[in-house]
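Asks: Coordinates only, no sequence provided:
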């Protein structure tokens, strides 16, 4: 993402932050908040798949860890929003590091299956650790507090969510242009060639997993600023497939594609709430079509046109 595009995104978010709470209904602002959470979530998956080329199917699990950690940190420990968000991100990052240490001995389909197994195990934990997560009854999320003031509405949460999202976009764009970003892409293209030029392949993969999990956990913490309830059913494999579809549709390996795909497909997912029984079929069909006919994503197609 170029500095010009980043500046344009900043202008749009600042403009929305000033105008949206005053002009839009509460539902519209809620959707805007949710889209920004999807942006952070998709940027996290972009790091491990698009940048480092490591296939992970545990993203919804890290997202759930971030949500529950931030909610419980606020509810039990009384932590303010930023501290609770960092707690969720750090715990998710530690889990990502642990899974990376165990799973990165594997490659390709075996790596995907091992991360899928972790995601399913965490879904079981979310559903059955009732004293902590509320189990199948879900968990009420207390209002977050920012600068000593509680966030009591979607409109009050939007400037905070937009600000954190803008910071995350800037950090990921900076990482993409940095030496670490180039190391990620070298490992993605050829591990043998990357090792030959002095890149520590294992360390680079672990960093990708850890940073990806941190952003997923941070997205979970961001979710707690405007949502008052979380249920484990929303943290299953379908959420991982949704975020994967976002980065494929937007453009794998592109920061702009990850952001654009999250916004566009976040809106599509909201429309598909009317047909929940067909969501996975529709997501799978869209994934297959883009992998076959537009593997670089919709934003690459627009650029070529």
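Replies: That came through, no problem. Since this is a predicted model, take the numbers as computed values, not measurements.

Asks: Mind pulling the model confidence for the residue located most distally from the centre of the chain?
Replies: Residue farthest from the centre of the chain, counting by CA atoms, centre = their mean, is residue 196 at 32.2 Å. Listed pLDDT for residue 196 reads 87.

Asks: Tell me how far it lies from residue 183.
Replies: Counting by CB to CB, to the nearest Å, the gap from residue 196 to residue 183 is 13 Å. Where C-beta positions appear, they are placed from N, C-alpha and C, glycine not excepted.

Asks: repeat for residue 80
Replies: For residue 80 relative to residue 183 (CB to CB), the value is 35 Å.

Asks: Report the residue spans of the protein with pLDDT below the cut-off.
Replies: 1-25, 107-108, 274-277, 294-295, 299-305 (pLDDT under 70).

Asks: ok, back up a step: let me see the backbone angles for the residue farthest from the centre of the chain.
Replies: Backbone torsions for residue 196, taken as degrees, to the nearest 10, come to phi -70, psi -30.

Asks: again with residue 39
Replies: The phi/psi pair for residue 39 (degrees, to the nearest 10) is phi -60, psi -50.

Asks: excluding its backbone neighbours, what's nearest residue 46?
Replies: residue 258 (4.0 Å; CB to CB, 6 or more residues apart in numbering).

Asks: need the contact list for the one you found.
Replies: Listed by CB atoms under 8 Å, 6 or more residues apart in numbering, the contact partners of residue 258 are 39, 42, 43, 45, 46, 50, 172, 246, 247, 250, 251.

Asks: residue boundaries of the strands in the stretch 51-200 of the chain?
Replies: Using DSSP state E, counting those that start in this stretch, the strands assigned to the stretch 51-200 of the chain run over residues 139-140, 145-146, 149-150.

Asks: got it, and the stretch 201-305 of the chain?
Replies: Using DSSP E, counting those that start in this stretch, strands in the stretch 201-305 of the chain cover 229-230.

Asks: quick one, helices of it?
Replies: Taking DSSP state H, counting those that start in this stretch, the helices of the stretch 201-305 of the chain run over residues 201-223, 237-250, 255-271, 279-293, 298-304.

Asks: name the helices or strands packed onto the second one?
Replies: Think helix 237-250. Using 3 or more CB pairs under 8 Å, 6 or more residues apart in numbering; DSSP states H and E, the elements in contact with helix 237-250 are helix 26-45, helix 59-76, helix 108-128, helix 255-271, helix 279-293, helix 298-304.

Asks: What about residue 113, how many residues nearby?
Replies: Neighbour count for residue 113, taken as other CB atoms under 10 Å: 13.

Asks: And for residue 35, nearest residue in space, chain neighbours not counted?
Replies: residue 266 (4.4 Å).

Asks: err, residue 41, not the other one
Replies: Closest to residue 41 by CB to CB, 6+ apart is residue 219, at 4.2 Å.

Asks: measure that neighbour to residue 88 for me?
Replies: 9 Å.

Asks: Overlap of the contact sets of those two?
Replies: Taking CB under 8 Å, 6+ apart as the criterion, residue 219 and residue 88 both touch residue 66.

Asks: What is the burial count for the residue nearest to residue 35?
Replies: A count of nearby residues for residue 266, using other CB under 10 Å, gives 22.

Asks: try residue 169
Replies: Counted with other CB under 10 Å, residue 169 comes out at 24.

Asks: Would you mind measuring from the residue sitting nearest the centre point of the chain to residue 104?
Replies: Residue closest to the average C-alpha location in the chain (CA atoms, centre = their mean): residue 41, at 1.0 Å. From residue 41 across to residue 104, the span is 22 Å (CB to CB).
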